[in-house]
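*Asks:* Fold the following and give me the result.
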Amino acid sequence: MAITVTQSAANRVKSYLSKRGKGLGLRVGVKPTGCSGFSYVLDYADELNADDIVFEDNGIKVIVDEESLGLIDGTQVERERRWGRV
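*Replies:* Numbering: from 1, shown residues only. Model prediction:
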């Protein structure tokens, strides 16, 4: 079981964590959204919870709660690319 992060996304996370001046890594999870199922959640993690599982990829920690991991195992986090921007 694992969640991976592309190098480009990892670089962006490192940059934001540095600007924030705190944080353990990137928190990835899902939350129920009613009839439509689940929604992805991405945030910065400042602390670990008892049910968190920690992966390390491309120099950053990826923190996922145990329940979410069963739904998103194998996911790769990639930096958003916008058309027309360099």
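*Asks:* Mind listing residues that contact the helix or strand harbouring Tyr16?
*Replies:* According to DSSP states H and E, Tyr16 maps onto helix 7-20. Identification of contacts with helix 7-20 by Cβ atoms under 8 Å, 6 or more residues apart in numbering yields Val5, Gly23, Gly25, Leu26, Tyr44, Asp57, Asn58, Gly59, Ile60, Val77, Glu78, Arg79. (C-beta placed from N, C-alpha, C; glycine too.)
*Asks:* one more time with 7 Å, if that's ok
*Replies:* Applying Cβ atoms under 7 Å, 6 or more residues apart in numbering, the external contacts of helix 7-20 come out as Gly23, Leu26, Tyr44, Asp57, Asn58, Gly59, Ile60, Val77, Glu78, Arg79.
*Asks:* which residue is nearest the middle of the protein?
*Replies:* In the chain, the residue lying closest to the centroid (Cα atoms, centre = their mean) is Val28, at 3.5 Å.
*Asks:* Dump stretch 28-40 to PDB, restricted to CA.
*Replies:* Only the C-alpha atoms of stretch 28-40 are listed here, as PDB (Å, rounded to 0.1, in the frame of the first residue of the first chain):
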ATOM      1  CA  VAL A  28      -4.100  13.100   1.600                       C
ATOM      2  CA  GLY A  29      -7.500  11.600   2.300                       C
ATOM      3  CA  VAL A  30     -11.200  11.300   1.300                       C
ATOM      4  CA  LYS A  31     -14.400  12.600   2.900                       C
ATOM      5  CA  PRO A  32     -18.000  11.500   2.200                       C
ATOM      6  CA  THR A  33     -20.000  14.000   0.100                       C
ATOM      7  CA  GLY A  34     -23.500  12.500   0.300                       C
ATOM      8  CA  CYS A  35     -25.100  10.800  -2.700                       C
ATOM      9  CA  SER A  36     -22.100  11.500  -5.000                       C
ATOM     10  CA  GLY A  37     -19.700   9.400  -2.900                       C
ATOM     11  CA  PHE A  38     -16.400  10.700  -1.800                       C
ATOM     12  CA  SER A  39     -14.200  13.800  -2.400                       C
ATOM     13  CA  TYR A  40     -10.400  14.000  -2.300                       C
END
